[in-house]
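J.: Here is the input, now give the coordinates:
(chains A, B and C)
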Amino acid sequence: MSRPVLRRPMLVALAIALPAAALALAPRSSAPSVSPIPEKAVGTYKIDRVHSSCQFRVEHLAASRFWGRFDDVLGTMTVSPGSLEFDVRIPIGSVHSGDGKLDNHLKGPDFFNMKEFPEMTFKSTNATPVEGNIWKVEGEITLLGVTKPITAMVEWIGYSEPYGKRLIGFEARFTVTRSDFGMSYQVDEGGLGDDVEIIVGLEGLAS
Amino acid sequence: MIRPNTRNGLLLALAVAMPAAALALAPRQAGSEVPITATEASGAYTVDGVHSNAHFKVQHLGAGMFWGRFDDVKGSMNYTPGPTGTLDFDIQIPIAGVHSGNDNLDKHLLSPDFFNATEFPEMAFKSTKASPAGNGMWKVDGDLTLLGTTKPVSAMVEFTGAADKGRGMRIGFEAAFTIKRSEFGMSYGVESGSLGDKVVVVVGLEGVKAKAGS
Amino acid sequence: MSPAEAVLEGVLLPMAAGLLPLAIGMRLWRRESPRNPSGWGLAVAAAITFAFALWAQEGDKLWELRQKWQWLWVVGGAAAGVAVATSLLRHFAPRLPAAIVGTLLALLCGIATVLMLRPPGFDETADRAVVLLVVAGSAWCLTWPSVRRSDDDDPALPGAGWADGVAFWLAGSGLSGVVLVSGFAKLAIPLGAMAALSMAAGVLAIRGRRDLGFAGLATLSTVLASAAIVGWAYDLVGIPGWSFLALAVAPVAMRTPLPRRFRFRSLLRLAIVLAVVGVASGTAVVESGVFDSGDGDDGSEYDYDYGY
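T.: Reported below is the predicted structural model:
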C-alpha cells in the first residue's frame, strides 16, 4: 500500500497521463498524413473504377484549354517498401467530353480509333521518391497500338482504413505528345494542340 | 517546224502541268501566324458550351482525390488585355450537367444530400473585381452562388490564349479556386470524414467573340 | 487555317497532282481519242491523288501502316498496278478473249482489296466474301463494255467518259459527306479529292469524246468501294450499312442497259446515279444525328459540328 503522502501526486499524474495515453493511442480519424507512405499501406490494390478517372487537357484553336475525361480506369497499384508499381488500363469507350457527337468523333479513327485500339495502357517500370509525397514514376504508355516511354509525377494523396477496408489514393500527372502515337488530327492546322496534359485520379482498394 | 499535233500536245501538257506545279509548290500556311492585336482581342465574348466545362476535386474517404465534372457552362465575359486591362465574368453552370462517370453517383449528387438540383438548378459566378497579376494571370474576385447561398470567392484565372483560326475570334481562360462546401450548406460527409470539405474547382472557358450588336 | 482553306488544300492539291499523268495517259494533245483507251493514265492519277490526299491528312505516319484503314492507299496502288498490268496484257496479247481479261481484272482488284484491307469487324469469311463481291462486282460491271469493245474492228464508239466522270464525282462526294458526319474527317477529305479528280477526268474526256478506259474505271471503282467499306467498318454514329454499300456501287448504274431509241441515255443514267446517291447520303446524314441539337441544348448556340 502506497504511503498517503505519495498517493495524491500519483493520482494527479494518473489523471493526466491516462487520458493523454488514451488520446495518443486512440484510432485517428482518416485525416490524410503528409509523411511518406506508411508501412501499413504496403500491399496490392485494385483500382476503384467508380472513384478513379483520367482527365486530359489539350489546347483548342490556339485559345482555350479543352478538358476531356475517361470515366473508367482499371488495373492495380502495388505499394512495396521504397517502391510503387502501376498497371493501368483505360477503356477508350469511357471517353466523356460532355457532347455526344464529340465523344463519337474522339472514338473514331480521327482520334483514338476505338474499334482497332479499345484500350490505352500504362505500365510502370521504375519509381523513385522525389520529395514529400511526390514520386517520379517511369513506365511505358501504349496508345493507338504504339508503345513509348513516359515519366509521370505521381503524388501520394492519402491512405485510410474506413470501415475495415484499406484505401489508398494517388494523382498522376504527365504530358503526352499525341502525334508520336499517330494521333495528328489538326496538329499542323493549329486547331488542336499536340501536347496533351493528363491527370489521373487513382483510388485503390486493397485486395 | 514542230508538227501541229506535237505542238498542241506540248501546249496542253504545259497548260495542265503549270497550275498543278504552282499549287503543289505554294507555301502552306500553318494558320494565321499574324499576332492578335489588343483591339482584336478586346471585347465581349460568349461562352462556347461545347468546349467549356468545370471540374471539381474533393478528397474521398481520406484516400484519393475524386474528380467530378460539370459538362455545361454558359455565360459571357468581357476582356481587355494589358496591365491596365479589364476582365469580368458572368457564368452559370446548370447542375443537371454534373457527370461523375457513374449514373448512381450522379443521382446522389443531384439529390438534397449534395446539390439539391430540384431546388437549385444552377450555380453561378459573377465577378466583381479583376486585377492582372502578371504572366497572363489575373486575380478575380466575385460572388459564387451555390445552393442558393452567395459568398465571395477569389479565383486565380489564367489567360490561355486568343486566336482566330478560321472559326471566329476565340479566347480562353482557366479559372481555379477552392471553396469550403459546408459554408454553402453542403455538409454531407464532412463530419464523418468520408468526404473532404475543401473542394478545388477548375473551370475551362472558351469564349467566342460576340457578334456586333448582340 | 480556316476549315475552307484546309479542305481546299486537302482536296485541290492532291487532285492537281493527278492531272499530269491523267493528261498524258489520255494523250490530250491529240484531238482524236486513241482507239479503245485503257485509261492507264487515270489509274495512275487515281492512285497518286488518293495516296497524296491521305498523306496530307496523316503525315509520314501513314507509311507505317499502324492503323488498318491506312491500308487504303496500298489498295489504290495495287488496283492501279493490276489495271495497268491488264492494259499491257491487252496490248501484247490482243487475242485473249475480252471476257477473260475483264473478269481477271475485276477479280484481281477484289482479291487485292481483301488481302490488304482488314477493317475491324470484317474478319469472318462471310464478311470478306462481301468485300470481294462488292469490289470485284462493281469493277466488272463498269469495265465490261470497254473491255469487250476492242474485240471489234470498229472504230472506238463514241465514249461517254464525261458521264462516267460525273458519276464518280457524285458518288465520291456523297460518300465523302457521309463519312464526314460519321466523324471520320481524315477519310472524308481524300474522298473529296478523288471526287474532284473524277470530275476533272470527266471534263478532259469531253475533248474528242473520250472514254475513261477500263483500267481507270477499275481503279476508281476499287478506291470508292474500299473506302465505303472502311467508312462502314468504323462508323459509330449509326449510319445504316446499306447507305455505304449503295454509294460504293452507285456508278454501276452508268452501265444500265437502255434501248437505243432513248436519247440522252447518259443523262438518264446519271439521273439514276444521282437518285441512288441522294437517297443513300440523305438517309445516312439523318441517321447520324448530325441535325439533332447538341446535348447541352439549354439555349447554347454552340453545337459540335464534327470539326474539333
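
J.: who's B:Gly161 bridged to?
T.: Beta bridges link B:Gly161 to B:Gly172 when assigned by DSSP bridges.

J.: ditto for A:Ile199
T.: Counting by DSSP bridges, A:Ile199 forms beta bridges with A:Gln55, A:Arg173.

J.: That one: neighbour count?
T.: 20 (other C-beta atoms under 10 Å in any protein chain shown). Every residue, glycine included, has its C-beta placed from N, CA and C.

J.: Was I right to think it contacts A:Val176?
T.: No. Using C-beta atoms under 8 Å, A:Ile199 makes no contact with A:Val176, being 11.8 Å away.

J.: Show me the helices in the stretch 201-308 of chain C, by range?
T.: C:214-234, C:241-249, C:265-287 (DSSP state H, counting those that start in this stretch).

J.: And for chain B?
T.: Counting by DSSP state H, residue ranges of the helices within chain B are B:4-25, B:38-41, B:103-110.

J.: Which of those helices comes out lowest on mean pLDDT?
T.: Ranked by mean pLDDT, those end with helix B:4-25 in last place, scoring a mean of 62.

J.: Low-confidence stretches in chain C?
T.: C:1-3, C:149-159, C:292-308 (pLDDT under 70).

J.: mind checking how far the helix ranked longest in it is from the chain centre?
T.: In chain C, with assignment by DSSP H, the single longest helix is helix C:125-149. Centroid separation for helix C:125-149 versus its chain: 13 Å, with C-alpha atoms, centre = their mean, to the nearest Å.

J.: For it, which helices and strands make contact with it?
T.: Counting contacts by 3 or more C-beta pairs under 8 Å, 6 or more residues apart in numbering or on different chains; DSSP states H and E, helix C:125-149 packs against helix C:98-116, helix C:214-234, helix C:241-249.

J.: Would you mark the buried spots in that helix?
T.: Under the neighbour-count criterion of 16 or more other C-beta atoms under 10 Å in any protein chain shown, helix C:125-149 has C:127-128, C:130-132, C:134-149 buried.

J.: Repeat that for stretch C:99-116.
T.: C:101-110, C:112-114, C:116.

J.: how about those in TSV, adding distance to chain A?
T.: Output for the buried residues of stretch C:99-116, formatted as TSV (distance: C-beta to the nearest C-beta, whole Å):
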residue	distance to chain A
C:Val101	36
C:Gly102	34
C:Thr103	34
C:Leu104	33
C:Leu105	30
C:Ala106	28
C:Leu107	28
C:Leu108	27
C:Cys109	24
C:Gly110	23
C:Ala112	21
C:Thr113	18
C:Val114	18
C:Met116	16
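
J.: tell me which element A:Asp194 falls in.
T.: Using DSSP states H and E, A:Asp194 sits in strand A:192-206.

J.: Show me what that strand is packed up against.
T.: Partner elements for strand A:192-206 (3+ C-beta pairs under 8 Å, 6+ apart): strand A:43-47, strand A:53-60, strand A:74-80, strand A:83-91, strand A:167-177, strand B:64-70.

J.: Return the distance of that strand from the chain's centre.
T.: So, by C-alpha atoms, centre = their mean, the centroid of strand A:192-206 is 8 Å from its chain's centroid.

J.: got the angle between it and strand A:43-47?
T.: 120 degrees (axes from the mean of the first three to the mean of the last three C-alpha atoms, to 10 degrees).

J.: Need the CA coordinates for strand A:192-206. CSV is fine.
T.: Presented in CSV, the C-alpha positions along strand A:192-206 are these (Å, rounded to 0.1, in the frame of the first residue of the first chain):
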residue,chain,number,x,y,z
LEU,A,192,-5.7,21.3,-81.6
GLY,A,193,-2.5,21.2,-79.6
ASP,A,194,-0.1,18.4,-79.9
ASP,A,195,0.8,18.2,-76.3
VAL,A,196,-1.9,16.7,-74.0
GLU,A,197,-1.7,17.0,-70.3
ILE,A,198,-3.1,14.0,-68.4
ILE,A,199,-4.2,13.9,-64.8
VAL,A,200,-5.2,10.5,-63.4
GLY,A,201,-7.0,10.4,-60.1
LEU,A,202,-6.4,6.9,-58.7
GLU,A,203,-8.1,5.3,-55.7
GLY,A,204,-7.4,1.7,-54.9
LEU,A,205,-8.9,-0.8,-52.5
ALA,A,206,-6.6,-3.4,-51.1
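
J.: What residues sit buried inside that strand?
T.: A:192-194, A:196-204, A:206.

J.: Reformat these as a markdown table; add distance to C:Val249 and pLDDT.
T.: Formatted as a markdown table, the buried residues of strand A:192-206 follow (distance: C-beta to C-beta, whole Å; pLDDT from 0 to 100):
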| residue | distance to C:Val249 | pLDDT |
| --- | --- | --- |
| A:Leu192 | 36 | 92 |
| A:Gly193 | 41 | 93 |
| A:Asp194 | 40 | 94 |
| A:Val196 | 41 | 96 |
| A:Glu197 | 46 | 96 |
| A:Ile198 | 44 | 96 |
| A:Ile199 | 48 | 96 |
| A:Val200 | 47 | 96 |
| A:Gly201 | 50 | 96 |
| A:Leu202 | 51 | 96 |
| A:Glu203 | 53 | 96 |
| A:Gly204 | 54 | 95 |
| A:Ala206 | 59 | 92 |
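
J.: could you check whether stretch C:226-238 is close to chain A?
T.: Yes. Stretch C:226-238 is in contact with chain A by C-beta under 8 Å from any C-beta of the partner chain, via C:Ala233, C:Tyr234, C:Leu236, C:Val237.

J.: that older thread, show me which of the buried residues of strand A:192-206 is closest to C:Trp169.
T.: A:Leu192 (30.9 Å; C-beta to C-beta).

J.: Pretty sure that closest one sits against A:Ala62.
T.: No. In this structure, A:Leu192 is not within contact of A:Ala62 by C-beta under 8 Å, at 9.3 Å.

J.: quick one: low-confidence ranges for the chain?
T.: As the question left the chain open, I've gone with chain A. Where chain A drops to pLDDT under 70, the residues are A:1-6, A:12-35.

J.: if you could check chain B rather than the one you did, that'd help
T.: Looking at chain B by pLDDT under 70, you get B:1-35, B:211-214.

J.: And the strands in it?
T.: With DSSP state E, the ranges of strands along chain B come out as B:43-47, B:53-60, B:64-70, B:74-80, B:86-94, B:98-99, B:122-134, B:137-146, B:149-164, B:169-180, B:195-209.

J.: I'd like to know which of those is closest to C:Trp242.
T.: Among the strands of chain B, strand B:98-99 sits nearest to C:Trp242 (C-beta to C-beta), with 35.2 Å.

J.: Quick one: name the residues of chain A near chain C.
T.: A:60-61, A:98-102, A:104-105, A:107-110, A:113-116, A:144-146, A:179, A:182, A:184-186, A:188-192.

J.: Please indicate which of those are buried?
T.: A:60-61, A:98-102, A:104-105, A:107-110, A:113-116, A:144, A:182, A:184-186, A:188-192.

J.: out of those, which are inside strands?
T.: A:His60, A:Leu192.

J.: Which of the buried ones among the residues of chain A next to chain C fall in helices?
T.: A:Gly100, A:Lys101, A:Leu102, A:Asn104, A:His105, A:Lys107.

J.: show me what contacts the last one?
T.: Same thing as A:Lys107. Neighbouring residues of A:Lys107 by C-beta atoms under 8 Å, 6 or more residues apart in numbering or on different chains: A:Ile92, A:Gly93, A:Val95, A:Met114, C:Gly183, C:Leu236.

J.: Surely the last one is in contact with A:Gly108?
T.: Yes. Using C-beta under 8 Å, C:Leu236 is in contact with A:Gly108, at 5.8 Å.

J.: closest to chain B among the buried residues of strand A:192-206?
T.: A:Glu203 (3.1 Å; C-beta to the nearest C-beta).

J.: so that closest one bridges to which residues?
T.: With DSSP bridges as the rule, A:Glu203 is bridged to A:Gly169.

J.: Same check on A:Ile90?
T.: A:Met120.

J.: Chain B versus that one, what's the distance?
T.: From A:Ile90 across to chain B, the span is 12 Å (C-beta to the nearest C-beta, to the nearest Å).

J.: who's in contact with that residue?
T.: So A:Ile90 contacts A:Cys54, A:Phe70, A:Asp72, A:Val73, A:Leu74, A:Glu119, A:Met120, A:Thr121, A:Phe122 (C-beta under 8 Å, 6+ apart).
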